[in-house]
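>>> curious how this folds, go ahead:
(chains A and B)
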Amino acid sequence: MEQQTIRLSNEADLEQFAEELKTTLGSMPDLVFRSVGSSLIVYISGLADQQRIEREIVEPLSANHETEPFSIKTPSVQQTNNYQQTVQAILSGMAAVAICGRDQVILANLAAFPTRGVPEPHIETAVLGPQEAFSENLDTNIALIRRITKSEKLRMKVWHFGSVAHTEVRLLYFDQVAPGELVEELSKRLDGVHLEDILGSNYIAESIRDRPLSWFPTVQKTERPDVVANALMKGRVAVVVNNTPIALLFPFTFWNAFETVEDIYLSYSSATFLRWIRAYFILSALLLPSLYVAITTFHNEMLPTNLLLSIAASREASPFPALVEALIMESIFEAIREAIVRMPRVLVQAVSVVGALVIGQAIVQAGIVSIPMIIVVSITGIASLMIPHYETTFAIRILRIILLLMAGGLGFFGIALGLFFTQIYLTGLRSAGLPYLTPIAPFSWKSLKNLIIRQPFERP
Amino acid sequence: MKILTTWQLYGLVLLFLLGTSVVFGIASTAKQDAWITACISTFFGAALLWLYSKLYETNVDKNWSGLLTGSFGRYVGSILCVIYVFIFIYSAGRDLRDIGELTSTFLLPKTPIGITMVLFQLLVSYICYAGVERMGRLAELNVPVIFIIFLLEVILLVASGTIHLSLLTPVAAEWKPIITAAIPGNLTVPYSEAFAFAAFWSKTMPPKNFRKAAILSCATAGLIFIVLDILAISSIGPELFARSFFPLMTTFHLVNFADFIQNIDPFIVTAFLIGVLFKISIFTYAACAMISDLWKVNIRSAVIPVSAIVFLFAFYMTESLSSHLFTGHQWAIWVVFMPFFVIFPMLTLLVIKLKKIVGIGGS
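As a prediction, the model looks like this:
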């Protein structure tokens, strides 16, 4: 890229500078040129704060014709003679002040983007925790993290991606707390990213996470500043991307997916109780339909006679084998789930009615699917909504369908095969160098006991 | 060199030892004294593992193939290595056949035995392809599962009220069946089979930790065998225990907890699959490791051919379950396990020690 320098020795130069800007940026209606005496102020009206320009630049300049640069009252000011940088600064909301007789343009940071305030968390809710979430503004997000940690050890590394969007990406870590090799590894990965334009942290996540094609997430995505701060203090590393309310955390292990923020805001007994309930139902979410299909198809003898008879009686009307029933119900449930996420909020009621009454009732009365299958799939559906980490849900859901197919073909043997394949696959996964199944494999009692029972905080 | 942790190797050896033995019962020929046999053979098994670790100590950086070529010269050593490759493949094939018979008896009577065995061997290939480190992690993941399942089984059996300890009497009325069931029977299967680890032990841990892990897991396995034997004998009686193909399955068939949990054999068999999986994987991996040491090829490139041969061995090995078990109890012990897993390694240890004493460069 050519380095164009700016010369502003006389009025003609100033005029030429204005013309150049007009050709570069196009004559946009929101691009404002304002002359004050022998100086020119350029900014974009929606991005820069007009009142502050009036107060901090125009007033001092018109009062003081000596054109002292220090008469500008804006706190954050820099000087440059680089044309490209000036253009970029104008586009990111700064006001460029060109003063005749000086070869430097003053860039005053008066950016006032339209942003929303600090929102409430919608994805990771905590009943008793703080009610703050990240927004789209990088500076606000960093400020939220800083407000919690207030440590001189917090370090940041900065990257910019894309020639059009110039999205800023920051790597946050605690010096001497986060292992050096972890920071180095992630810096290396971020250096290697050659993305043109990015819209959100998932672009970065997919380019720097381990095994980008794996179903299992190897990076944690969070919307909560307290989660990020907590992770940083424990020596993990965060990647914050401008224009996204979702921060990335490395490393991320399989078991992290089952911990919630709530755990640290509840008493240790309730947190542990909830954790166990969650673990139990997540296991059901994975296995319940396949166990049901395997038992009713291959291992009938395992059921007590009464239960077997009642299941057989309710299955009598259904023309399909259990596997097909399960697949029908699973696909309907997935459809309802997706519909609820996609459709306008006002219609949620309608889907609930259709889902519960029409499908739940009618499908049984029509004799297409038996009642026990509906119960099983409903429990599974509720259980899969209990997984605190959104992306792990997908892994569990895909795996559930595969296990279901294997159970339909080979019964318990098929389920065992499927689980073994998954286990071997997971032993090979890593997240930023850390084996995915830590602390169970490789074993580490110190962190394992905190996983099984949320350890009580230290007492005086 | 230190790829695994002690806990991982402990899990690997433990699951390997539990392997098929929990299915077929330990020392059922000793009838009501099978648990005494289990005690004795655990003791001898630990001694055997200790000797293996001594053998490992003589050359820390060499696997079994290296020891063979080192002690018997390149040509004789290489031929012995090839024999060992087939021994390992045969052992893996035997266990694969066990799985096939077990699934077709208890889980999938209508599915052809070939299909279950192919699928299982595919799984084994994947494990071997993953390598020792991930195998260790897999063991770590499954050891707690195994412990929990055994605990459940014991609780369920006791709660079902099937235990009659009087069936254990008379204790040790005859010593001869106890001893013959222990040596060679129980000593060779499963303890001497752990010699498969020799094929790749320099990739696991230093001899000291290897010994610690192996003997610890030997003790744990022995304890589990003793408990299971006592449970089985006192539930189904010594006669049925001795005659049944799958004495433990027969035992767990008696489970009836509150008229709700009954006939749990499919569940038990599935749990048993864990141990057998590790056993076949380690035998297959041992064969691959010997091949890779001998011909200097990548271990992964040997996995698929070896797995294919294992499957063929398993498929054409025998006509029926009873002839399969007969071969295992009578023939394989004397032709395969005793000479190749017990006598020959001891001989090699002796040769190496003698060479060191005489001082002709025991490398």
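>>> which residues of the stretch 51-200 of chain B lie near chain A?
B:103, B:107-108, B:111, B:116, B:119-120, B:123, B:126-127, B:130, B:134, B:136-138, B:140-142, B:144 (CB under 8 Å from any CB of the partner chain). Just so you know, the C-beta spots here come from the backbone N, C-alpha and C atoms, and that holds for glycine as well.
>>> neighbours around residue A:334, how many?
Neighbour count for residue A:334, taken as other CB atoms under 10 Å in any protein chain shown: 14.
>>> now the residue lying closest to it once chain neighbours are set aside: phi and psi?
Excluding the flanking residues, the one nearest residue A:334 by CB to CB, 6 or more residues apart in numbering or on different chains is residue A:397, at 7.3 Å. Dihedral pair for residue A:397: phi -70, psi -40, per degrees, to the nearest 10.
>>> please report the distance of residue A:397 from residue A:52.
Per CB to CB, to the nearest Å, residue A:397 is found 51 Å from residue A:52.
>>> phi first, then psi, for the closest residue in space to residue A:44 that isn't next to it in sequence.
Closest residue to residue A:44 apart from its sequence neighbours, by CB to CB, 6+ apart: residue A:30 at 5.4 Å. Per-residue torsions, residue A:30: phi -90, psi 0 (degrees, to the nearest 10).
>>> contact partners for residue A:30?
A:44, A:45, A:46 (CB atoms under 8 Å, 6 or more residues apart in numbering or on different chains).
>>> do stretch A:443-460 and chain B come into contact?
Yes - counting by CB under 8 Å from any CB, chain B is contacted by stretch A:443-460 at residue A:443.
>>> re earlier: the more surrounded of residue A:397 and residue A:52?
Each of residue A:397 and residue A:52 has its neighbours counted (other CB under 10 Å); residue A:397 has more, 20 against 16.
>>> give me the distance between residue A:160 and residue A:43.
22 Å.
>>> er, residue A:309 I mean
Taking CB to CB, one finds residue A:309 at 80 Å from residue A:43.
>>> now do residue A:205
From residue A:205 to residue A:43 the distance is 35 Å (CB to CB).
>>> what of residue A:188?
39 Å.
>>> quick one: which of these two has more around it?
Between residue A:188 and residue A:43, counted using other CB under 10 Å, residue A:43 has the larger neighbour count: 26 against 10.
>>> how many other residues sit next to the closest residue in space to residue A:72 that isn't next to it in sequence?
Counting by CB to CB, 6+ apart, residue A:57 is the residue found nearest to residue A:72 once chain neighbours are left out, at 5.5 Å. As a burial measure, residue A:57 scores 26 neighbours (other CB under 10 Å).
>>> which residue ranges form the helices in the stretch 101-250 of chain B?
Under the criterion DSSP state H, counting those that start in this stretch, helices of the stretch 101-250 of chain B are mapped to B:113-130, B:132-159, B:176-180, B:187-188, B:207-243, B:247-252.
>>> what stretches of the chain score poorly on pLDDT?
The chain I'm using is chain A. Scanning chain A with the threshold set as pLDDT under 70 gives A:1-3, A:64-70.
>>> look at chain B instead
In chain B, residues with pLDDT under 70: B:1, B:360-363.
>>> for residue B:284, what are its contacts?
B:88, B:89, B:92, B:124, B:125, B:128, B:303, B:306, B:307, B:310.
>>> farthest-separated two in those?
B:88 and B:125 (14.7 Å; CB to CB).
>>> which one's more surrounded, the two?
residue B:88 (28 against 22).
>>> okay, and that one sits in which element?
helix B:74-102 (DSSP states H and E).
>>> and residue B:325, by the same measure?
Going by DSSP H and E, residue B:325 is in helix B:321-326.
>>> do residue B:346 as well
With DSSP H and E as the criterion, residue B:346 is inside helix B:344-358.
>>> and residue A:168, by the same measure?
Going by DSSP H and E, residue A:168 is part of strand A:167-174.
>>> cool, and residue A:107?
Judged by DSSP H and E, residue A:107 forms part of strand A:105-108.
>>> chain center to whichever helix or strand comes after that strand, what's the gap?
Remark: after strand A:105-108, the chain's next helix or strand is helix A:138-149, criterion DSSP H and E. How far helix A:138-149 lies from its chain's middle: 16 Å, per CA atoms, centre = their mean, to the nearest Å.
>>> close to chain B: what parts of chain A are there?
So chain A meets chain B at A:298-299, A:301-302, A:304, A:410-413, A:415-417, A:420-421, A:423-424, A:427-428, A:435, A:437, A:440-443 (CB under 8 Å from any CB).
>>> so which of those residues belong to strands?
residue A:435 (DSSP state E).
>>> buried subset of the residues of chain A next to chain B as a PyMOL selection?
Those of the residues of chain A next to chain B that count as buried under 16 or more other CB atoms under 10 Å in any protein chain shown are selected in PyMOL with:
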select buried, chain A and resi 298+299+302+410+411+412+413+415+416+417+420+421+423+424+427+428+435+437+440+441+442+443
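>>> so which of the residues of chain A next to chain B are in helices?
A:410-413, A:415-417, A:420-421, A:423-424, A:427-428 (DSSP state H).
>>> who touches residue B:149 in this structure?
So residue B:149 contacts B:268, B:271 (CB under 8 Å, 6+ apart).
>>> and residue B:46, how far is that from residue B:240?
Residue B:46 is 30 Å from residue B:240, by CB to CB.
>>> quick one: which of those two has more around it?
residue B:46 (20 against 15).
>>> just the element for residue B:293, please.
Judged by DSSP H and E, residue B:293 forms part of helix B:265-295.
>>> report the angle between that helix and helix B:132-159.
150 degrees (axes from the mean of the first three to the mean of the last three CA atoms, to 10 degrees).
>>> buried stuff in the helix or strand that comes right after helix B:265-295?
Using DSSP H and E, the helix or strand that follows helix B:265-295 towards the C-terminus is helix B:299-316. Neighbour-count burial for helix B:299-316, counted by 16+ other CB under 10 Å, picks out B:299, B:302, B:303, B:306, B:307, B:309, B:310, B:311, B:313, B:314, B:315.
>>> ok, so of those residues, who is nearest chain A?
residue B:303 (13.0 Å; CB to the nearest CB).
>>> ok, the closest residue to the closest one other than its chain neighbours - how many residues close by?
Sequence neighbours aside, residue B:128 is the residue nearest to residue B:303 in space, at 4.6 Å (criterion: CB to CB, 6+ apart). Counted by other CB under 10 Å, the residues lying close to residue B:128 total 27.
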